[in-house]
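In: structure, please.
(2 chains)
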Amino acid sequence: DTAVSQTPKYLVTQMGNDKSIKCEQNLGHDTMYWYKQDSKKFLKIMFSYNNKELIINETVPNRFSPKSPDKAHLNLHINSLELGDSAVYFCASSQPGAHEQYFGPGTRLTVT
Amino acid sequence: DAKTTQPTSMDCAEGRAANLPCNHSTISGNEYVYWYRQIHSQGPQYIIHGLKNNETNEMASLIITEDRKSSTLILPHATLRDTAVYYCIVRVASGEGGNQFYFGTGTSLTVIP
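Out: Predicted structure coming up:
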């Protein structure tokens, strides 16, 4: 009975491809997030999103775009993948303004 | 957000209390102290948060100094499953846009049998 789930768990692709990572939460939360953890283990916020507001971390390239088909899903679409995009991507959710965020298990993206 | 400083690594004997310090000397009055941990190959897990007062929940206790410039996370009886990287984050609680947490390098805690 997973609270925040992500698919796929592993994704290997070539440079230049376009790929999506899916995230679903069954907690009824209104706010969802995407984080990136690089090879040095630094965990950085990429986006936070609810049905009213998208907040984009200014360092995120516009090749990355969150897409939300409904409140329970926030997918991450990446265009023209680059080697530097290789990382583990974590989805999270929370109630608006809540202190606690619930994280998914992560998707390890490898770009070759 | 205020900068936090944590030791890179710590060891703790199983069954003993683990005390993880965090320095946040530039914290402002409306910034909360949050603690998360990340067990190897898993997503981060919320532990506890506080503003001014000490806090306790089923996982841990958070002790914040009176001047709020530092805090200590206490795991009262560490188990092997507590081996993880522990992140101390200082952040103003956001509104509906969500809390964008900025994780530092954290403290790698190893619980030793």
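In: and the residue lying closest to B:Asn57 once chain neighbours are set aside, how many residues sit next to it?
Out: Counting by CB to CB, 6 or more residues apart in numbering or on different chains, B:Ile48 is the residue found nearest to B:Asn57 once chain neighbours are left out, at 5.5 Å. Yep, even glycine has a C-beta here, placed from its N, CA and C like the rest. Neighbour count for B:Ile48, taken as other CB atoms under 10 Å in any protein chain shown: 20.
In: which residue is it, in chain B, that comes closest to chain A?
Out: Across chain B, no residue is closer to chain A than B:Gly43, which sits at 3.1 Å (CB to the nearest CB).
In: what about that residue, neighbour count?
Out: Neighbour number of B:Gly43 under other CB under 10 Å is 22.
In: would you agree it is in contact with A:Ala92?
Out: Yes: proximity of B:Gly43 to A:Ala92 meets the contact threshold set by CB atoms under 8 Å, at 7.3 Å.
In: got the phi and psi for A:Glu58?
Out: phi -60, psi -20 (degrees, to the nearest 10).
In: just give me the neighbour total for it.
Out: 5.
In: and if you look at A:Asn79?
Out: A:Asn79: 13 neighbours (other CB under 10 Å).
In: OK, contacts around residue 83?
Out: Assuming you mean chain A. A:15, A:111-112 (CB atoms under 8 Å, 6 or more residues apart in numbering or on different chains).
In: correction: the question concerned chain B.
Out: B:Thr83 neighbours (CB under 8 Å, 6+ apart): B:39-40, B:109-111.
In: please redo it, this time with the cut-off set to 6 Å
Out: B:Thr83 makes contact with B:110-111, according to CB atoms under 6 Å, 6 or more residues apart in numbering or on different chains.
In: what of A:Lys44?
Out: A:Lys36 are the contacts of A:Lys44 under CB under 6 Å, 6+ apart.
In: quick one: it from A:Met32, how far?
Out: Per CB to CB, to the nearest Å, A:Lys44 is found 16 Å from A:Met32.
In: just the strands in the chain please.
Out: By default, I'm working from chain A. Along chain A, counting by DSSP state E, strands occupy A:4-7, A:10-13, A:19-25, A:31-37, A:43-49, A:54-56, A:64-70, A:73-78, A:87-94, A:102-103, A:107-111.
In: not what I meant, chain B
Out: Secondary structure of chain B (DSSP E): strands located at B:9-13, B:18-23, B:31-38, B:45-50, B:55-56, B:61-64, B:70-75, B:84-92, B:107-112.
In: could I get these as CSV with mean pLDDT and distance to A:Ala3?
Out: CSV is the format used below for those (pLDDT from 0 to 100; distance: least, CB to CB, whole Å):
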stretch, mean pLDDT, distance to A:Ala3
strand B:9-13, 97, 28
strand B:18-23, 97, 25
strand B:31-38, 94, 15
strand B:45-50, 96, 11
strand B:55-56, 96, 23
strand B:61-64, 98, 23
strand B:70-75, 97, 23
strand B:84-92, 92, 19
strand B:107-112, 98, 24
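In: fine, thanks again, bye for now.
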